[in-house]
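Peer 1: Here is the input, now give the coordinates:
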Amino acid sequence: MDRDTVDSSMIASVGYDTSSGTIEVEFRSSGQVWQYYDVPESTYNDLRAAGSLGKAFNAMIKTHYREARVG
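Peer 2: Coordinates of the predicted model:
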């Protein structure tokens, strides 16, 4: 999945696959890549528009969707 580099102290890059509703997040501190499944596109858009990606991720994505470490 293609990811875009973002300006965040917590997240290095983020991407979204519209066909599966999967968000992929690369974390800055560990370099780990995680996928979050069945996420509505509107939620991804809200994440990208947030003033703080880290805070938005914790509030909207983390613990709300199935996840798996992929890298």
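Peer 1: Test my guess that residue 53 contacts residue 12.
Peer 2: No - applying CB atoms under 8 Å as the test, residue 53 and residue 12 come out as separate, 10.2 Å apart. Every residue, glycine included, has its C-beta placed from N, CA and C.
Peer 1: tell me, what's touching those two both at once?
Peer 2: Contact with both residue 53 and residue 12 is made by residues residue 6, according to CB atoms under 8 Å, 6 or more residues apart in numbering.
Peer 1: What is the neighbour count of residue 40?
Peer 2: For residue 40, the neighbour count with other CB atoms under 10 Å is 10.
Peer 1: who's in contact with it?
Peer 2: Contacts of residue 40 (CB under 8 Å, 6+ apart): residue 21.
Peer 1: can you check residue 4 too?
Peer 2: 13, 14, 15.
Peer 1: Name the nearest of these relative to residue 43.
Peer 2: Checking the contacts of residue 4 against residue 43 with CB to CB, the nearest one is residue 14 at 12.0 Å.
Peer 1: Can you tell me, leaving aside adjacent residues, what's nearest to that closest one?
Peer 2: residue 25 (5.3 Å; CB to CB, 6 or more residues apart in numbering).
Peer 1: Distance check, that neighbour against residue 43.
Peer 2: 13 Å (CB to CB, to the nearest Å).
Peer 1: can you list residues touching both of those two?
Peer 2: residue 61.
Peer 1: picking up where we left off before, so what are the sheet partners of the helix or strand containing the residue nearest to residue 14 and their directions?
Peer 2: Here residue 25, judged by DSSP states H and E, is contained in strand 22-27. Strand pairing for strand 22-27, determined by DSSP bridges: strand 11-17 (antiparallel), strand 33-36 (antiparallel).
Peer 1: so how far is the longest one from its chain's centroid?
Peer 2: So the one you mean is strand 11-17. Relative to the centre of its chain, strand 11-17 is centred 5 Å away, using CA atoms, centre = their mean, to the nearest Å.
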